[in-house]
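[1] sequence isn't available, so here's the structure alone:
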């Protein structure tokens, strides 16, 4: 056979297979609602949290996800010494890790305020050296991950709330990366896994007005309800609710995103797989 014909045949096969060879994956693990406490003789229920955290870290170092998320209510009480202890322990994680603020972590008028919360994390984190309770990063060239502060601005409470500044910032980031797929990480869920008027988002309509403007959101991952569920809405957004690390069977989530990126085209064919796994 003529060599030119052979070359064109090989080239044709390579081009035909290219879309299948270009499949990409992103895997990350989520630990939520650890409610980490310092060991105390009078706090037997919460004394399990250091052990759970240690085992969770071991699982992360074994599985080696692309990144790890602590999805809020990371500490039981908003105190500097508890936060510092938690942060020093998680330095043992060999993968990048990110911290979401939850309703037990930081407040404006009680415990650790947001400025000090950010300062302490910046001092102790290996990944987030300039921490802010609203942040984003790009784990791949096609996906943007946004961490949101969904907690009350004032005193401790169970309700979620998005400040005007947070919603304005979110709208700007979603617009900036309109040609990327976006993963949102927040402690309080927008799409409730179970109905609970005692801890839902107070200004959910304001939040919805931002979310509904954009078509690039792949999933919203939340905690707070201590309830595992996966729901898909009419806009094909996955709403993933994480279980609580502090409650038996001390589960975390491993989330895998698989997608194809064709040359010169937007990412498509996204598939999401979620596993609930025990840390102990």
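    That came through, no problem. Remember, predicted model here, so these are calculated numbers, not experimental data. Residues are numbered from 1 along each chain as shown.

[2] and residue 26, which helix or strand is it part of?
    Per DSSP states H and E, residue 26 falls inside strand 24-31.

[3] so what does that strand touch, helix or strand wise?
    helix 48-63, strand 67-70, strand 251-260 (3 or more C-beta pairs under 8 Å, 6 or more residues apart in numbering; DSSP states H and E). C-beta here means a position set from N, CA and C on the backbone, and glycine is covered the same way.

[4] comparing the ones you listed, which comes out most buried?
    strand 67-70 (a mean of 26; mean count of other C-beta atoms under 10 Å).

[5] mind listing the strands that one pairs with, and their directions?
    strand 24-31 (parallel), strand 97-99 (parallel) (DSSP bridges).

[6] go through those and name the closest to residue 139.
    Comparison of those against residue 139 by C-beta to C-beta identifies strand 24-31 as nearest, at 5.8 Å.

[7] give me the buried positions along that closest one.
    26-31 (16 or more other C-beta atoms under 10 Å).

[8] save those as a markdown table, and put in distance to residue 49 and pLDDT too.
    Below are the buried residues of strand 24-31 laid out as a markdown table (distance: C-beta to C-beta, whole Å; pLDDT from 0 to 100):
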| residue | distance to residue 49 | pLDDT |
| --- | --- | --- |
| 26 | 29 | 97 |
| 27 | 25 | 98 |
| 28 | 22 | 98 |
| 29 | 18 | 98 |
| 30 | 17 | 98 |
| 31 | 11 | 98 |
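
[9] nearest to residue 218, of the residues you listed?
    residue 26 (10.0 Å).

[10] not counting sequence-adjacent ones, nearest residue to that closest one?
    Leaving aside its sequence neighbours, residue 26 sits nearest to residue 257 (C-beta to C-beta, 6 or more residues apart in numbering; 4.5 Å).

[11] redo the strands paired with strand 67-70 as a markdown table? Include distance to residue 137.
    Below are the strands paired with strand 67-70 laid out as a markdown table (distance: least, C-beta to C-beta, whole Å):
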| stretch | distance to residue 137 |
| --- | --- |
| strand 24-31 | 11 |
| strand 97-99 | 7 |
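
[12] nearest to residue 165, out of those strands?
    Closest to residue 165 of the strands paired with strand 67-70 is strand 97-99 (C-beta to C-beta; 19.3 Å).

[13] contacts for that closest one?
    60, 67-70, 74, 90, 121, 125-128, 131, 135, 137, 145, 147, 185 (C-beta atoms under 8 Å, 6 or more residues apart in numbering).

[14] re earlier: my guess is the residue nearest to residue 26 meets residue 238, correct?
    No. Residue 257 is not in contact with residue 238 according to C-beta atoms under 8 Å; the separation is 9.7 Å.

[15] now stretch 137-153: average pLDDT?
    Throughout stretch 137-153, pLDDT has a mean value of 93.

[16] helices of this protein, start to end?
    Assigned by DSSP state H, the chain shows helices spanning 3-21, 48-63, 80-90, 114-124, 164-176, 204-211.

[17] lowest mean pLDDT across those helices, which one is that?
    helix 3-21 (a mean of 46).

[18] name the residues of stretch 174-188 that are buried.
    The neighbour-count check on stretch 174-188 (16+ other C-beta under 10 Å) flags 174, 177, 180-188 as buried.

[19] wait, stretch 229-244
    Neighbour-count burial for stretch 229-244 [16+ other C-beta under 10 Å]: 229, 237-244.

[20] in JSON lines: those, plus pLDDT.
    Shown next, in JSON lines, are those (pLDDT from 0 to 100):
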{"residue": "229", "pLDDT": "98"}
{"residue": "237", "pLDDT": "96"}
{"residue": "238", "pLDDT": "97"}
{"residue": "239", "pLDDT": "98"}
{"residue": "240", "pLDDT": "98"}
{"residue": "241", "pLDDT": "98"}
{"residue": "242", "pLDDT": "98"}
{"residue": "243", "pLDDT": "98"}
{"residue": "244", "pLDDT": "98"}
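
[21] quick check: the farthest pair among those?
    Greatest spatial distance among those (C-beta to C-beta): 237 and 244, at 23.0 Å.

[22] quick check, pLDDT for the residue nearest the centre of the chain.
    Centroid-nearest residue in the chain: residue 185, 3.8 Å away (criterion: C-alpha atoms, centre = their mean). In this model, residue 185 is scored at 98, pLDDT.
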